[in-house]
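Colleague: Prediction below, plus the sequence it came from.
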Amino acid sequence: MIIRTSAPTRVDLAGGTIDIPPLFLFHEGAATVNFAISPRAYCTIETRVDDRIIIESIDQKDTLDLTLAEIAGLKDEPRLQLLAKLVYFFRPERGFKMVTESKAPAGAGLAGSSTLNIACIAALNELVGGRYSPDRFIPIAAAVECQVIKVPTGYQDYYSAQYGGLSCIHFGPAGMEREELIADVSLIEERFAICYTGEPRNSGTNNWELTKRHIDGDRELFDLFDGIRDTTLSVRSAIIANDWDAVGSILAAAHPQRQMLSPNITTPHMDHLIDTAMANGATAPKVCGAGGGGCIAFFCEEGHRGDVEAVLAREEGCEVLEWSFSASGLEIEIED
């Protein structure tokens, strides 16, 4: 049997960090808005006739090779930790080879690890006979990723990976709820340029710093998160009204707000790229993920995405990403 799964990465427009429990419980109406994009994460599992387990990561250029009798050792395996812990969680009872690959740059802030997480969970779940219903994939993904990064993890990335599309994810005491937002896909693709800064970042480190400060009672930070919540709801309303110029204005106003959260949100190189893009047709930058490197999505003046991409492509260490909107989320294909 061969199981092939894939899931899309995402651009987070508003509400990042507030999706980390328990932070959203202190900000009534907390939400995030994101849209899925075409660079996907892939997982392929092929069953074997023996008892060997082979786990290969194309991105990390590393392979684990063990037997079913050794599966307990994956709990504390230091290499390929996410993949190892997922296999340990599912504990398959037959030999297999699992190969994974992510098309997003490492540390890009596009939810690459969370996306790969969802793709692997879906594949492993098929391998063990559909032990869990799909509505359990996101809680499992968050729990296992928390074990890997050893700090609380946000939830928005798993929703974009599993469902795709343009979403507003609402958080509250009753739980989490995804709202699909309807928009003209061509406008999204025409107005956003995405570049990789060449500087990978550690989202867990940046987010934990903010989470700890919040829990410790930093009043200024609490007020900033209220502002993040309000910005998110404003972005949602503008999208529903199909007012993308308003979306750009809101994102422009939100950038300095995000910078007030932490000095690690941007680097000098990122600031230079932002200044360059803003001088050549971009009207708002959106640092993807937790910042400190990774990708920046630029909202561009109508008809100027190409100008922004052209000037960024000339910057040393900067990679302009080719992407398209991904309406589909998790995809599963099984070949007997």
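Modeller: That came through fine. Numbering: from 1, shown residues only.
Colleague: can you give me the strands for the stretch 51-200 of the chain?
Modeller: For the stretch 51-200 of the chain, applying DSSP state E, counting those that start in this stretch gives strands covering 52-57, 62-67, 96-102, 166-172, 175-180, 192-196.
Colleague: Reformat the ones you listed as JSON lines; add mean pLDDT.
Modeller: Below are the strands of the stretch 51-200 of the chain laid out as JSON lines (pLDDT from 0 to 100):
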{"stretch": "strand 52-57", "mean pLDDT": "98"}
{"stretch": "strand 62-67", "mean pLDDT": "98"}
{"stretch": "strand 96-102", "mean pLDDT": "98"}
{"stretch": "strand 166-172", "mean pLDDT": "97"}
{"stretch": "strand 175-180", "mean pLDDT": "97"}
{"stretch": "strand 192-196", "mean pLDDT": "97"}
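Colleague: Generate CSV for those, with mean neighbour count and distance to residue 211 as supplementary columns.
Modeller: Every residue, glycine included, has its C-beta placed from N, CA and C. Converted to CSV, the strands of the stretch 51-200 of the chain look like this (neighbours: other C-beta atoms under 10 Å; distance: least, C-beta to C-beta, whole Å):
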stretch, mean neighbour count, distance to residue 211
strand 52-57, 19, 28
strand 62-67, 14, 30
strand 96-102, 21, 25
strand 166-172, 22, 14
strand 175-180, 13, 17
strand 192-196, 24, 26
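Colleague: Output those in CSV, with distance to residue 112 appended to each entry.
Modeller: What follows is these, written out as CSV (distance: least, C-beta to C-beta, whole Å):
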stretch, distance to residue 112
strand 52-57, 12
strand 62-67, 16
strand 96-102, 5
strand 166-172, 18
strand 175-180, 20
strand 192-196, 11
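Colleague: So for residue 38, which of the ones you listed sits nearest?
Modeller: With C-beta to C-beta as the criterion, residue 38 lies closest to strand 192-196 of the strands of the stretch 51-200 of the chain, at 10.7 Å.
Colleague: In this protein, where is pLDDT below threshold?
Modeller: Segments of the chain classed as low confidence (criterion: pLDDT under 70) are 202-206.
Colleague: could you redo the last one with a cut-off of 80?
Modeller: Counting by pLDDT under 80, the low-confidence segments of the chain come to 201-208, 262-264, 291.
Colleague: quick one, helices of the stretch 1-150 of the chain?
Modeller: Secondary structure of the stretch 1-150 of the chain, counting by DSSP state H, counting those that start in this stretch: helices at 81-90, 112-127, 137-149.
Colleague: Please identify the deepest-packed of those.
Modeller: Highest mean neighbour count of the helices of the stretch 1-150 of the chain: helix 112-127, a mean of 26 (counted as mean count of other C-beta atoms under 10 Å).
Colleague: Compute the inter-axis angle for that helix and strand 96-102.
Modeller: Helix 112-127 and strand 96-102 are oriented at 150 degrees to each other (axes from the mean of the first three to the mean of the last three C-alpha atoms, to 10 degrees).
Colleague: angle of helix 112-127 against helix 137-149?
Modeller: Compare the direction of helix 112-127 with that of helix 137-149 by the same axes, to 10 degrees and you get 120 degrees.
Colleague: quick one, helix 112-127 and strand 52-57 angle?
Modeller: For helix 112-127 and strand 52-57, the angle between their directions (the same axes, to 10 degrees) works out to 160 degrees.
Colleague: Which neighbouring elements make contact with helix 112-127?
Modeller: Helices and strands touching helix 112-127, by 3 or more C-beta pairs under 8 Å, 6 or more residues apart in numbering; DSSP states H and E, are strand 2-14, strand 31-47, helix 81-90, strand 96-102, helix 137-149, helix 156-163, strand 331-335.
Colleague: Please name whichever of the strands of the stretch 51-200 of the chain is nearest to residue 9.
Modeller: Residue 9 sits nearest to strand 96-102 of all the strands of the stretch 51-200 of the chain, at 7.9 Å, using C-beta to C-beta.
Colleague: Show me the strands paired with that closest one, marking each as parallel or antiparallel.
Modeller: Under the criterion DSSP bridges, strand 96-102 sits next to strand 31-47 (antiparallel), strand 52-57 (parallel) in its sheet.
Colleague: May I have the longest one exported as CSV, CA atoms only?
Modeller: Included here for strand 31-47 are C-alpha records, laid out as CSV according to Å, rounded to 0.1, in the frame of the first residue of the first chain:
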residue,chain,number,x,y,z
ALA,A,31,-9.2,35.5,16.1
THR,A,32,-6.6,35.1,13.4
VAL,A,33,-7.0,35.5,9.6
ASN,A,34,-4.8,33.6,7.1
PHE,A,35,-4.8,32.2,3.6
ALA,A,36,-3.3,29.0,2.3
ILE,A,37,-0.7,29.1,-0.4
SER,A,38,0.7,26.6,-2.9
PRO,A,39,4.0,25.6,-1.5
ARG,A,40,3.0,22.3,0.2
ALA,A,41,4.4,19.7,2.5
TYR,A,42,4.4,16.1,1.3
CYS,A,43,4.4,12.7,3.1
THR,A,44,4.6,9.4,1.3
ILE,A,45,4.3,6.1,3.2
GLU,A,46,4.9,2.7,1.5
THR,A,47,4.3,-0.5,3.5
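Colleague: This completes my enquiry, with thanks.
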